[in-house]
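# Sequence plus predicted model, see below.
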Amino acid sequence: MSEDKYFKFYNAVLVVPLIAVLTIWLVFWLELSLQVNWNFLGIFPRTLSGLKGVVFSPLIHSSVEHLYNNTIPVAILLGALVYFYQDIYGKVLIWGILISGIVTWIIGRPSYHIGISGLIYVLASFIFFKGIFTKHYRLVALSLVVVFIYGGLLWYIFPIEDGISWEGHLGGFTAGLLMALMIKVKTPPVKKYEWEQEDFNEQDDPFLRHFDADGNFVENNEEQSHTEEASVKITYHFKKSLPEEGKD
């Protein structure tokens, strides 16, 4: 499969992020409209009732600011995941939500942990590590872009700020790394130029034939001989002038 066929734009690249963004905003709008608080649907660590938050916590947000801060990253990272990993993005999403939620349920403080930021850390971690592991130049480039844009997220897997679920972030980061190690992905073969082929003969190349194995310039005697044979030879004929009449 060529790279053009493997990395291609299709409807899911826009549809999946759009559905995710509309869903979390719709849930928040319903909370405001119905004047209810659904924080109890979040993850409450080490309680049976708190396990329901493994599934529902990504949909719940505490404020407009909380929701807005998560909207752009989840849309961008989901779009990148679907575009570059179209065969496995569903598996990454399902397992990412479950693993990150369970890790949060195990290590979290006794409080309700809510928000889609755990999934954001799953996506950022998976995209970064998977690109490095595959060594495909496009996926490695994507990893570097993720680090450049979202590298600052790494600090929030530590308890540096009150009110932020660093446990959820750490769970997402861990889940992304585990899936990058365990989930296999097919990558297209990298295009090789003629000089990269194993059976390439340097003597067949009109430029490289002028250099030896150490890179030193050498004259090609065979080519020079051909040039000499092909050269035009000019022979000049002359004769002595005859003596002028009347002169001895």
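Received the coordinates, thanks.
# Can you pull out the residues in contact with the biggest helix by length in the chain?
As assigned by DSSP state H, the longest helix anywhere in the chain is helix 12-34. Contact partners of helix 12-34, identified using Cβ atoms under 8 Å, 6 or more residues apart in numbering, comprise 36-38, 58-61, 64, 67, 70-71, 74-76, 78-79, 82-83, 86, 89, 116. C-beta: built from backbone N, CA, C; applies to glycine.
# residues of the helix or strand that it is followed by that come out buried?
For helix 12-34, the following helix or strand on the C-terminal side (DSSP states H and E) is helix 53-56. Counting neighbours by 16 or more other Cβ atoms under 10 Å, one finds that the buried residues in helix 53-56 are G53, V54, F56.
# Which single one of those residues is nearest to F173?
V54 (16.6 Å; Cβ to Cβ).
# Please verify my assumption that that closest one contacts W95.
No. In this structure V54 lies outside contact range of W95 using Cβ atoms under 8 Å: 11.8 Å.
# Need phi/psi at H113.
phi -100, psi 120 (degrees, to the nearest 10).
# What separation is there between it and P73?
18 Å (Cβ to Cβ, to the nearest Å).
# now S125
13 Å.
# Tell me which of the two has more neighbours.
Counted by other Cβ atoms under 10 Å, S125 and P73 do not tie: S125 has more neighbours, with 27 against 19.
# do you know how far the more buried one is from Y150?
10 Å.
# now stretch 165-183: how far from the chain's centre is it?
Offset of stretch 165-183 from its chain centre (Cα atoms, centre = their mean, to the nearest Å): 17 Å.
# coming back round to it: report the mean confidence score over the longest helix of the chain.
For helix 12-34, mean pLDDT is 96.
# do stretch 114-129 as well
96.
# That one: which residues count as buried?
114-129.
# same thing with stretch 153-168?
L153, Y156, I157, S165, W166, E167, G168.
# Just name the lowest-scoring one in those, pLDDT-wise.
Out of those, that is L153, at 90.
# what sits against it?
I120, Y121, A124, H169.
# what about T174, distance to F9?
From T174 to F9 the distance is 31 Å (Cβ to Cβ).
# More neighbours: which of the two?
Neighbour count, other Cβ under 10 Å: between T174 and F9, T174 has more, with 19 against 10.
# shouldn't that one be in contact with T104?
No. With contact defined as Cβ under 8 Å, T174 does not reach T104; the gap is 9.9 Å.
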